[in-house]
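Novice: Sharing a model that was predicted from the sequence below.
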Amino acid sequence: MRKALIAGNWKMNKTDPEAVALAKALVAEVGQYDSCDILLCPPFTSLKSVGEVIKGSRIKLGAQTMHWEKSGAFTGMISADMLKALGCTYVIIGHSEQRQFFGETDDTVNRRTRAVLANGLLPIVCVGEFLEQREAGKHEEIVKNQVVNGLKGLSNEEMKNVVIAYEPVWAIGTGKTASSQDADDMHACIRSTVEKTWSRDVADGLVIQYGGSVKPETIDEQMSMPNIDGALVGGAALQADSFARIVKFQAK
Ligand SMILES: O=C(CO)COP(=O)(O)O
């Protein structure tokens, strides 16, 4: 049985006082909730303060990206050691916004993912197609390639620590969600790609999150699908009440 993972990706939102207020409200609402794993990924500037607020609760801390080098002349970047020192356990890698605006490729996803794992952190590796690619019937091929190339060279043991997030680019921040069936079909395709490339065991244990306009109104149906194991939530993670309702999803 895979334990669901509900994660809030706060993106470039919340000043530090705002981040602290949101984290405090979430600790009050779901701090001891244990039906699923809960993760907050604030901006780098609030990792320390949010980490302090959630200490002693069941809520975990994650970052939105990371550099693969240990240290050095990489202006603007953050290392695994820095994240670990603040209590991070997860790192989002290859988000479509990193791919679109900051030059992320499957190759840099691979480098980052290896570094995350080598440092004992857990990667959430994001994949997803553009609308034109889906309309051209190429969505499965695109996503399969992102999975195989982004995770190239990882051992079965390493794969047991990887989470994949399927986020169709056209559903992010647009209010358009993939239908639960379309999302589940893609998750099944990802799982079978992982089975073929690694093993049945790895595929069966793999947590695959859905992301793209997840809301309190969509989560229950999404989580009732056999291959959807959690959610990576953007906009609806920025308010305590909507994120708490998503965390407390009711799967049929
Ligand atoms: O990109 C996302 C999470 O990583 C999804 O964002 P929205 O939930 O705002 O569509």
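Specialist: Okay, I see it.
Novice: who's in contact with the single nearest residue of the stretch 151-252 of the chain relative to the ligand?
Specialist: Among the residues of the stretch 151-252 of the chain, Gly234 lies nearest to the ligand; the distance is 2.3 Å by Cβ to the nearest ligand atom. Every residue, glycine included, has its C-beta placed from N, CA and C. Neighbouring residues of Gly234 by Cβ atoms under 8 Å, 6 or more residues apart in numbering: Asn9, Lys11, Ile172, Gly173, Gly211, Ser213, Val214.
Novice: Kindly give a single PyMOL line that selects the buried subset of those.
Specialist: Remark: buried members of those, expressed as a PyMOL selection using 16 or more other Cβ atoms under 10 Å:
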select buried, resi 9+11+172+211+213+214
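Novice: Quick check: which of the contacts of Gly234 are also close to the ligand?
Specialist: Asn9, Ile172, Gly173, Gly211, Ser213, Val214 (Cβ under 6 Å from any ligand atom).
Novice: tell me the least confident of the contacts of Gly234?
Specialist: Ranked by pLDDT, the contacts of Gly234 bottom out at Gly173 (85).
Novice: where's it relative to Glu157, distance?
Specialist: 35 Å (Cβ to Cβ, to the nearest Å).
Novice: Same question for Glu29.
Specialist: For Glu29 relative to Glu157 (Cβ to Cβ), the value is 36 Å.
Novice: and what of Val148?
Specialist: 18 Å.
Novice: go on, Gly87?
Specialist: On the measure of Cβ to Cβ, Gly87 and Glu157 end up 24 Å apart.
Novice: what sits against the nearest residue to Val233 once chain neighbours are set aside?
Specialist: The shortest distance from Val233 to any residue other than its chain neighbours is 4.8 Å, reached at Val214 (Cβ to Cβ, 6 or more residues apart in numbering). Residues in contact with Val214 (Cβ under 8 Å, 6+ apart) are Thr177, Gln222, Ala231, Leu232, Val233, Gly234, Ala236, Ile246.
Novice: For the second one, identify the helix or strand it belongs to.
Specialist: Secondary structure from DSSP states H and E places Gln222 in helix 216-223.
Novice: Show me which residues of that helix are buried.
Specialist: Applying 16+ other Cβ under 10 Å to helix 216-223 flags Thr218, Ile219, Asp220, Glu221, Gln222, Met223 as buried.
Novice: what's that helix packed up against?
Specialist: helix 180-197, strand 230-233, helix 240-247 (3 or more Cβ pairs under 8 Å, 6 or more residues apart in numbering; DSSP states H and E).
Novice: Appreciated, that's everything.
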